[in-house]
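> all I have is the shape, not the residue letters:
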């Protein structure tokens with residue numbers, strides 16, 4: 001008896017049973033063989049997959065190592081580039097510092113020159129007549145007209161002798177001669193030929209003290225000390241006086257016009273300035289006045305000497321004297337900085 005596909009029992013003869021049994025055994029053998037082959041194949045596949053996983057991991061690690069080496073090479077290249085850029089920046093910084101130092105030196109030089117110019121411009125301020133005279137600076141030697149030496153100042157400060165005791169030049173009736181006869185006579189002669197007197201010296205001091213230039217002369221005097229101060233009459237139709245204030249490193253000249261009716265802003269004009277005393281004519285370096293601490297010109301001794309011994313005022317200059325005075329002031333017109341001014345004005 002066997003079971004059919006539909007599950008119903010069936011009866012077989014011996015011949016059919018033997019044949020059916022052989023086929024069934026072959027089928028079982030084939031099934032067993034298939035199962036064995038499948039297991040071997042599965043085991044083979046499992047080993048192959050394992051070998052493939054190990055190789056992939058090794059390849060991945062190799063690729064990662066290569067990427068790391070590339071990144072390290074890029075970092076080294078970037079470091080070299082940064083060093084180059086840093087070197088260029090340091091060189092540029094050194095260049096900028098060098099140029100900054102040069103600019104600073106030039107600025108310092110410009111400031112020094114400007115200070116010297118300001119000092120020179122302020123050196124021509126007259127003081128009030130009542131102020132006490134400042135100590136005069138060293139008097140330079142003058143070849144042509146003779147200096148206003150220390151003798152008149154010493155006698156005035158001592159109070160024992162006055163300029164009234166000096167004998168006028170070529171006027172023997174004025175009194176006995178003194179040691180300062182030649183310089184004093186030269187000064188009186190110079191101011192007399194220009195038509196000026198001690199009263200005009202007083203006006204020069206007052207006009208300059210009232211001008212704006214005293215601020216400059218005061219500042220320069222505080223920095224550089226006492227200057228050489230000279231008052232010199234200027235040839236021309238109108239009464240004018242040149243004030244020269246000179247230090248060793250800078251000098252200034254101011255022109256004071258004594259003409260009646262002039263406005264205050266035209267009374268005292270900055271005339272010229274410079275930085276070398278050799279640029280000035282010798283007669284402008286005769287120290288016949290002083291500069292007080294307020295930047296004002298003090299020519300009280302010159303004023304006193306002219307008032308005590310009034311010169312003979314002349315309305316016209318001799319041709320040779322006019323030529324001499326023009327030559328004395330001719331060099332000033334060639335200076336680098338000067339106002340627009342003409343002697344014929």
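In hand now; what should we look at? This is a predicted model, so every value here is computed, not measured.

> could you pull out the helices for the chain?
With DSSP state H as the criterion, the chain has helices at 14-121, 150-158, 181-193, 198-209, 214-224, 300-308, 319-330.

> which of those helices has the lowest average pLDDT?
When the helices of the chain are compared on mean pLDDT, helix 150-158 scores lowest, with a mean of 37.

> residue 210: what's it in contact with?
264, 267 (C-beta atoms under 8 Å, 6 or more residues apart in numbering). For glycine as for every other residue, the C-beta is placed from the backbone atoms N, C-alpha and C.

> need the phi and psi values for it.
In terms of degrees, to the nearest 10, the main-chain angles of residue 210 are phi -90, psi 0.

> from residue 117, how far off is it?
23 Å (C-beta to C-beta, to the nearest Å).

> also residue 240?
23 Å.

> same check on residue 304?
33 Å.

> burial count for residue 60?
Neighbourhood size, residue 60 [other C-beta atoms under 10 Å]: 10.

> please apply the same query to the one 4 residues further on.
Per other C-beta under 10 Å, the neighbour tally for residue 64 reads 10.

> first vs last residue of stretch 208-222, how far apart are they?
Stretch 208-222 has an end-to-end distance of 18 Å (criterion: C-alpha to C-alpha, to the nearest Å).

> what of stretch 259-278?
End to end - C-alpha to C-alpha - stretch 259-278 spans 31 Å.

> how close does residue 270 get to residue 261?
Counting by C-beta to C-beta, the gap from residue 270 to residue 261 is 21 Å.

> higher neighbour count, the two?
Neighbour totals were compared for residue 270 and residue 261, and residue 270 leads with 21 against 4 (other C-beta under 10 Å).

> quickly list what that one is bridged to.
As for beta bridges, residue 270 partners with residue 254 under DSSP bridges.

> surely it touches residue 213?
Yes - counting by C-beta atoms under 8 Å, residue 213 is a contact partner of residue 270 at 6.7 Å.

> what is the burial count for residue 263?
If you count neighbours by other C-beta under 10 Å, residue 263 ends up with 6.

> which phi and psi does residue 261 have?
Taking degrees, to the nearest 10, you get phi 90, psi 0 for the backbone angles of residue 261.

> tell me the pLDDT at it?
85.

> cool, and residue 309?
69.

> swap in residue 10?
At residue 10, pLDDT is 67.

> one more: residue 171?
40.

> got it, and the one 4 residues further on?
We have a pLDDT of 41 for residue 175.

> residue 211: how many residues sit nearby?
Residue 211: 22 neighbours (other C-beta under 10 Å).

> how about the nearest residue to it, chain neighbours excluded?
residue 268 (4.1 Å; C-beta to C-beta, 6 or more residues apart in numbering).
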